[in-house]
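Trainee: Let's see this in three dimensions:
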Amino acid sequence: MINKTIIVTGATDGIGLEAATKIAALGNRVGLVGRNPEKGAKAIERITSLTRNDKLDFFQADLSLVSEIHKLSQEIKNKYSKLNVLLNNAGGASKNKVITSEGLEKTFATNQMNYFTLTTNLMDMLSASEGSRVVNVASNAHIGTTIDFDNINAEKGYSAWKAYCVSKLMNIMFTYRLAEMQDKVTVNTLHPGFVDTNIGGNEGSVIKSIVKFGSKLFARTVENGADSSIYLSTSDEVNNVSGKYFFKCRQIKSSKASYDKEQWNQVWNLCESYKEKLS
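Mentor: Model (predicted):
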């Protein structure tokens, strides 16, 4: 997949930066999304230096806020005439309970409402482009967890690890639900492995400690962690593959709970209601 227009969120460091770099190296036009314009400029400078590809754009947005995602979506539509791939990579985790200015628990807002809002906002653009794809970065952290729909915004208490795991389970359920709805756009999800990145920034020390331990235990580098994101975004091998979960560029099974279609619908309806409320 070359000469395509591809959006990568969370693209200024870690797995997102590595994926954006390798995708740009194939000759694609890449839109990098991040919160920090200074880091965005450095990312573009790095990618241009490594790939000699100057078809790069930076979009600044706080993806924990639905209002900012709406603004971002419009900026993307104004900038590009087509969109071939949306790689939802941005994520986060807060050590302590944080409620955004829009009233949502921040891990849920950043990790799931972000994916849902940006994807559904750009679906008309994706559908108009032949062979388009949505790729959602999830995690095997979802295994063993369940969703308490009465505690989405930590009304009954907050655990950083639980909130992160639930958000990753939601990512997978959202992927499967969307894949069933779409016949023009493929939708897949992946586990990058436990890679030592800056997830959570200064707020995510609990998650960072767990991921750091996992990355040492399972020896996954940033380069390794980006492999499935790059593969699902660019490989012709997955042209007609949709609704699947990948690790190391191979299909694997997600948890038993993730295949609960009733909960797919609950996750979808929950996100849709928040999107409508905050729009």
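
Trainee: I'd like to know which elements the helix ranked longest in the chain is packed against.
Mentor: In the chain, with assignment by DSSP state H, the single longest helix is helix 160-181. Under the contact criterion of 3 or more C-beta pairs under 8 Å, 6 or more residues apart in numbering; DSSP states H and E, helix 160-181 touches helix 106-108, helix 114-127, strand 132-137, strand 185-190, helix 205-218, helix 261-278. Heads up, the C-betas are built off the backbone N, CA and C, glycines and all.

Trainee: in it, what counts as buried?
Mentor: By 16 or more other C-beta atoms under 10 Å, the buried positions in helix 160-181 come out as 160, 162-179.

Trainee: Stretch 230-244 now?
Mentor: Quick answer for stretch 230-244 (16+ other C-beta under 10 Å): 230, 231, 232, 233, 234, 238, 241, 242, 244.

Trainee: got the residues you listed as a markdown table, with secondary structure columns?
Mentor: Formatted as a markdown table, those follow (DSSP: H, G, I helix; E, B strand; the rest coil):
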| residue | secondary structure |
| --- | --- |
| 230 | helix |
| 231 | helix |
| 232 | helix |
| 233 | helix |
| 234 | helix |
| 238 | helix |
| 241 | coil |
| 242 | coil |
| 244 | coil |
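
Trainee: Would you tell me which one of the residues you listed comes nearest to residue 66?
Mentor: Minimum distance to residue 66 across the buried residues of stretch 230-244 is 24.8 Å, recorded for residue 233 (C-beta to C-beta).

Trainee: Quick one: residues contacting residue 60.
Mentor: 33, 34, 35, 36, 37, 40 (C-beta atoms under 8 Å, 6 or more residues apart in numbering).

Trainee: quick one: secondary structure of residue 42?
Mentor: Once three-state DSSP is applied, residue 42 turns out helix.

Trainee: pretty sure it contacts residue 17?
Mentor: No: the pair residue 42 / residue 17 is not scored as a contact, 9.5 Å apart, by C-beta atoms under 8 Å.

Trainee: And the lowest mean pLDDT element among the helices and strands of the protein?
Mentor: Least confident helix or strand of the chain, by mean pLDDT, DSSP states H and E, is helix 205-218 with a mean of 50.

Trainee: Pull the number of nearby residues for residue 182.
Mentor: Using other C-beta atoms under 10 Å, the number of residues around residue 182 comes to 17.

Trainee: ok, back up a step: sort out which of the contacts of residue 60 are in helices and list them.
Mentor: Using DSSP H, the contacts of residue 60 in helices are 37, 40.

Trainee: What about the contacts of residue 60, which one has the most neighbours?
Mentor: residue 33 (30 neighbours).

Trainee: which residues of the stretch 1-150 of the chain fall in helices?
Mentor: Per DSSP state H, counting those that start in this stretch, the stretch 1-150 of the chain carries helices over the ranges 14-25, 37-51, 66-79, 106-108, 114-127.

Trainee: Mean pLDDT and distance to residue 152 for these - can I get that in TSV?
Mentor: Shown next, in TSV, are the helices of the stretch 1-150 of the chain (pLDDT from 0 to 100; distance: least, C-beta to C-beta, whole Å):
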stretch	mean pLDDT	distance to residue 152
helix 14-25	98	26
helix 37-51	98	30
helix 66-79	99	14
helix 106-108	98	6
helix 114-127	99	13
